[in-house]
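[1] have a look at this prediction, sequence included:
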Amino acid sequence: MEKVTYEIKERTAIITINNPPLNVLSKEVITNLFEVFRELESNDEAVAIILTGAGNKAFVAGADIKEFPEWMGQDNFKDIVMDTHRMFNFIDDFPKPTIALLNGLTFGGGCELAMTCDIRIAEDQAQLGLPEIKLGLFPGGGGTQRLPRLVGEARAKEIMFTGEPICALEAEQYGLVNHVVPTGQGMTYAQSLASKIADKSLQSLSRIKKAVNKGTELPMEKGIDLEAELFNQVFQTDDIKEGVNAFFEKRKPQFTHR
């Protein structure tokens with residue numbers, strides 16, 4: 001059975017991690033996830049991405065702890081860690097909008113995976129957390145870097161110092177998730193949001209993402225310069241011509257993403 005599968009519906013690719021019972025991030029899942037995202041990068045049928053876990057117990061409940069003993073004492077352990085970071089960074093920089101649908105436990109590496117996505121939607125039964133401290137560890141999949149950028153330094157430290165989970169509503173209040181919806185309604189909500197995104201120009205969407213992701217790491221002056229360069233690029237596309245013509249002709253634009 002494939003651990004990571006996808007289907008495309010109305011310009012949205014729905015990626016499902018299926019590693020029962022709790023969809024943990026084993027080496028196989030990480031490899032499969034990387035392969036699927038690389039495949040979708042060049043698939044013109046998919047404009048937006050929804051990432052979720054199979055079942056209703058967990059989005060991803062963390063790393064596969066059964067693999068930990070073989071890593072202990074390895075001189076090249078940093079190389080193993082960086083392989084995971086390459087996958088996470090690829091999703092973070094993926095040139096299409098990504099939505100994580102959190103349909104249950106979202107712990108450890110699962111929370112770190114969710115934070116690589118652009119938007120997070122949580123069903124109200126979801127719990128989020130970085131419990132690595134309870135094993136004598138700390139978040140090693142980007143959690144110490146991405147969480148403070150989303151919720152602020154003090155909140156992030158409290159979550160990581162205690163290892164205690166937070167509920168979906170708390171996560172929304174902290175800014176860790178965008179929306180909380182009733183149990184069982186997450187996919188419908190995610191698809192509705194993805195549909196609003198997927199009928200836009202990918203030429204523009206990808207540049208919004210790049211301007212925000214890269215610009216927030218720069219001083220304001222350099223961020224504005226980056227925005228101006230990307231704005232210049234988008235004015236050279238076919239989609240800007242279609243968008244402007246559609247406006248004058250009072251019709252919905254038909255973007256070709258070129």
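    Perfect, thanks for sending it.
[2] now the strands for the stretch 1-150 of the chain?
    Taking DSSP state E, counting those that start in this stretch as the test, the strands found in the stretch 1-150 of the chain are 4-9, 12-17, 48-53, 58-60, 98-102, 105-107, 119-123, 127-129.
[3] now the fifth one - C-alpha only, PDB.
    Yep, that's strand 98-102 we're talking about. C-alpha atoms of strand 98-102 as PDB (Å, rounded to 0.1, in the frame of the first residue of the first chain):
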ATOM      1  CA  THR A  98      -0.600  24.700   0.100                       C
ATOM      2  CA  ILE A  99      -3.300  24.000   2.700                       C
ATOM      3  CA  ALA A 100      -2.800  21.600   5.600                       C
ATOM      4  CA  LEU A 101      -6.100  20.000   6.800                       C
ATOM      5  CA  LEU A 102      -5.500  18.900  10.400                       C
END
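[4] can you map out the strands along the stretch 151-258 of the chain?
    Remark: strands assigned in the stretch 151-258 of the chain by DSSP E, counting those that start in this stretch are 166-167, 179-181.
[5] CSV for those, including distance to R11?
    To be clear about C-beta, it is placed using only N, CA and C from the backbone, and glycine gets the same treatment. Formatted as CSV, the strands of the stretch 151-258 of the chain follow (distance: least, CB to CB, whole Å):
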stretch, distance to R11
strand 166-167, 33
strand 179-181, 21
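[6] which among the ones you listed is found nearest to A13?
    Proximity to A13, assessed across the strands of the stretch 151-258 of the chain by CB to CB, is greatest for strand 179-181 (19.9 Å).
[7] so which of the strands of the stretch 1-150 of the chain gets nearest F247?
    strand 48-53 (22.7 Å).
[8] what angle separates the closest one from strand 12-17?
    Taking axes from the mean of the first three to the mean of the last three CA atoms, to 10 degrees, one finds strand 48-53 and strand 12-17 inclined to each other by 20 degrees.
[9] related to what we said a few turns ago, of all the strands of the stretch 151-258 of the chain, which lies closest to M160?
    Closest to M160 of the strands of the stretch 151-258 of the chain is strand 166-167 (CB to CB; 11.7 Å).
[10] name the helices or strands packed onto the closest one?
    In terms of contacts (3 or more CB pairs under 8 Å, 6 or more residues apart in numbering; DSSP states H and E), strand 166-167 is packed against strand 127-129.
[11] neighbouring strands for the strand it packs on, and are they parallel or not?
    strand 105-107 (parallel), strand 166-167 (antiparallel) (DSSP bridges).
[12] just to revisit the earlier point, need the strands of the stretch 1-150 of the chain in TSV (columns: mean neighbour count, distance to H257 and mean pLDDT).
    Below are the strands of the stretch 1-150 of the chain laid out as TSV (neighbours: other CB atoms under 10 Å; distance: least, CB to CB, whole Å; pLDDT from 0 to 100):
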stretch	mean neighbour count	distance to H257	mean pLDDT
strand 4-9	15	14	97
strand 12-17	22	14	98
strand 48-53	26	12	98
strand 58-60	28	29	97
strand 98-102	27	17	98
strand 105-107	27	31	98
strand 119-123	25	20	98
strand 127-129	23	33	98
